[in-house]
Structure formats: C-alpha cells, structure tokens
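> No letters, just coordinates:
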C-alpha cells in the first residue's frame, strides 16, 4: 500500500527552525494595499473579510488572526502554529486556496487568501435538488487531489469538512482553512486527538488511538457520502454518540477487524455489538437506498474504502484517485499536476 513519504516542499522548516516570525508590521503594509469590505466569517480568534487590492481591483479574502486578546494575553496561537502557516504559503496546487501574503506583529497575523466567490460546499449541498453524480465525482477527485499533494508533502489538514471546502467562480473546489494543519513528521509526534469537527472525526481519534494521515481520508469519506445523501452521515452530539453512529452504520470493530482496537483508552467492552458482514450491501439498501448509489457498486466501494474503520486498512488519497469510480470521467484532474513542488 502506498503511503506518503517525507518529501517536504519546505524541507528545512521544522519545529526548531523558524524561531521568530520576521515580517513587516501589519499596520505598515496590508491595510494600505487593500480596501476591506464585508465580513465573510468570524470566530474565536479572528475574522475573514472580502477585500479589494487597490492597485489591481482584484478581490481577495483577508484573514486576521488575533494573537492577543483585548487585555494583551496570548490567545493560544503558538509560534508552532505560525511556523506551520508560513509553511503552508509554499503550497502550490489548483485545489488549495492560495495564500499570497502573510504578515504579523505582536498582536495579530494577517493572511491574504484567494477569494472563492461561490461559497463553501455545505452551501452547495443545502441547495434544493440533488448534486449530480458527475459533480460529486468532480468534487471528490479535487479534494483527494489536494489531499494527496498535502500528504506527500507531510502536511495533515486535520479539519476537512464541507465548510472548509470552497468553490471558485469556475465551480472548482479548493481546500481552505488550514488553521489546524500541521506537519506530520513521525509517529513519535502524532499530534492531538482534539481536532476535526466532531461529525467528520475519525474513529481512531474518538477512541484515542494514534492520529495519522488517515484522519483526513476519513473526513473525505464523510463528505462524499454527505454529498450523496444531502446531510451529514454521523451527526452526533457528543463523542460517544458519534462513535455509536459510526459503529451502527459500519459495524462495531473488534481486534479481529481492527488489530489492537480493544486496547485503546476509550474502547469499552460494553459497546453495542453491531455486525455488518456485508457493509456494502448494508449501505446500498440503507443509507443510499434513495440515491443513485443504490445501483452504483463502484461508488459505494470507494466510500467504504474511505470509511474503513481501521486506519491502517483505509485507502490513501493517492490510491483513491486511481479508484475506477473516479477514473470514469471525461475530464479527470491529472495526478501529474498534484505533486509539483515550489
């Protein structure tokens, strides 16, 4: 099975390399170059606004992350996070939102991002009517293409969900919001379990197993299935509720189906024992019964491979791009464009 190799696009950027963020003060640069417009979104640590570049009239998304609160206290955006955001500037892929400028001072970090004017994939899913199979394949291929590129360059996104998958004016999908992304260097530095929005969180995270590139692949499986059924497939209101929804659909794992799972901290002998000996048939006749996938064995097969409970057995992004369901298209995204380095 093909697995990512450590061919970093920015090989000298490590946890010990960039010790300071040496960039121009925010107040002296970006505000003089852009006219800010309406707010696209706001969160705990910052905002995203539409802005216009004064010299060209080009629309961009201007993201501001607060490094300190109003009382001057650190917001928890660490130097490591800043280093990784700088690393992400090196990403060059047609299905990743481009970061063209990055500046910081002691109080805030500001990024100039490519503006995707058609909103996010969640908005597309919520529109009346069903997405066509052609559109679903296109979006699946594009997010997997971006993911293969990231993983081959040792970057884990860690927060893939429809709200972070944006659509540009041409209708092409672009992966955005790398606020939780990090370089995945080795199993000895696996990262935290407390990542990925709950409904798209992989079972190994919920069970406190070791995170890996496979958590991104699981999230893509959730997104592809959601595009087919028009709603999230694991909408739990807690970690255990989400875990039960996963097991009910795909079967409760045991050491026989997922080696070592019963030794995980959060695995309980009291778990309900759902058995799904033929998970593909179960999905065709259940979750996908009222969708075109009921009679599309290849589509169901890919989703099952993306949503394989055991991360070691889960398909990788680069393998998924070669799946027959995604290759059956008149205009596929060529893999040769996905692994370019800066």
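Nice, thanks for sending it over. What you see is a predicted model; the values in this text were computed from it and never measured.

> For stretch 293-301, measure first residue to last.
Stretch 293-301 has an end-to-end distance of 10 Å (criterion: CA to CA, to the nearest Å).

> what's it in contact with?
Residues outside stretch 293-301 that contact it (CB atoms under 8 Å, 6 or more residues apart in numbering) are 133, 228, 280, 283-285, 288, 292, 303, 323-325, 328. C-betas here are computed from N, CA, C, even on glycine.

> try it again with 6 Å
228, 280, 283-284, 288, 324-325 (CB atoms under 6 Å, 6 or more residues apart in numbering).

> just the helices in this structure please.
With helices called from DSSP state H, the chain shows them at 30-33, 79-88, 121-126, 133-152, 203-206, 214-229, 239-250, 279-285, 297-306, 317-320, 324-327.

> With mean neighbour count added, can I get these in a markdown table?
Converted to a markdown table, those look like this (neighbours: other CB atoms under 10 Å):
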| stretch | mean neighbour count |
| --- | --- |
| helix 30-33 | 14 |
| helix 79-88 | 19 |
| helix 121-126 | 17 |
| helix 133-152 | 23 |
| helix 203-206 | 24 |
| helix 214-229 | 24 |
| helix 239-250 | 18 |
| helix 279-285 | 17 |
| helix 297-306 | 20 |
| helix 317-320 | 22 |
| helix 324-327 | 16 |
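
> who wins for proximity to residue 98 among those?
Between residue 98 and the helices of the chain, the shortest gap by CB to CB is with helix 79-88, which sits at 10.0 Å.

> hmm, back to that, per-stretch mean pLDDT over the helices of the chain, give me the minimum one.
In terms of average pLDDT, helix 79-88 trails the rest of the helices of the chain, at a mean of 66.

> follow-up on the earlier one: reformat the contacts of stretch 293-301 as JSON lines; add distance to residue 66.
Formatted as JSON lines, these follow (distance: CB to CB, whole Å):
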{"residue": "228", "distance to residue 66": "38"}
{"residue": "280", "distance to residue 66": "47"}
{"residue": "283", "distance to residue 66": "43"}
{"residue": "284", "distance to residue 66": "48"}
{"residue": "288", "distance to residue 66": "43"}
{"residue": "324", "distance to residue 66": "47"}
{"residue": "325", "distance to residue 66": "43"}
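
> between these, which is closest to residue 271?
The shortest approach to residue 271 among those belongs to residue 283, at 20.7 Å (CB to CB).

> got any ranges where this structure has weak pLDDT?
For the chain, the stretches flagged by pLDDT under 70 are 1-31, 43-45, 68-84, 87, 179-196, 328-342.

> Kindly report the domain assignment for it.
26-114, 121-337 (automatic domain parsing).

> coming back round to it: quick one: which of the contacts of stretch 293-301 is nearest to residue 153?
Of all the contacts of stretch 293-301, residue 153 sits closest to residue 325, with 25.6 Å by CB to CB.

> Just give the closest residue to the closest one, not the sequence neighbours.
residue 298 (4.0 Å; CB to CB, 6 or more residues apart in numbering).

> Kindly state the beta-bridge partners for residue 112.
Counting by DSSP bridges, residue 112 forms beta bridges with residue 62, residue 101.

> Count the residues that sit near it.
Neighbours of residue 112 under the rule other CB atoms under 10 Å: 20.

> Could you verify my assumption that it touches residue 101?
Yes. Applying CB atoms under 6 Å, one finds residue 112 in contact with residue 101, separated by 4.0 Å.

> Now the common contact residues for these two.
Here residue 112 and residue 101 share no contacting residue, scored by CB under 6 Å, 6+ apart.

> related to what we said a few turns ago, of the helices of the chain, which is nearest residue 162?
Relative to residue 162, the nearest member of the helices of the chain by CB to CB is helix 121-126, separated by 3.7 Å.
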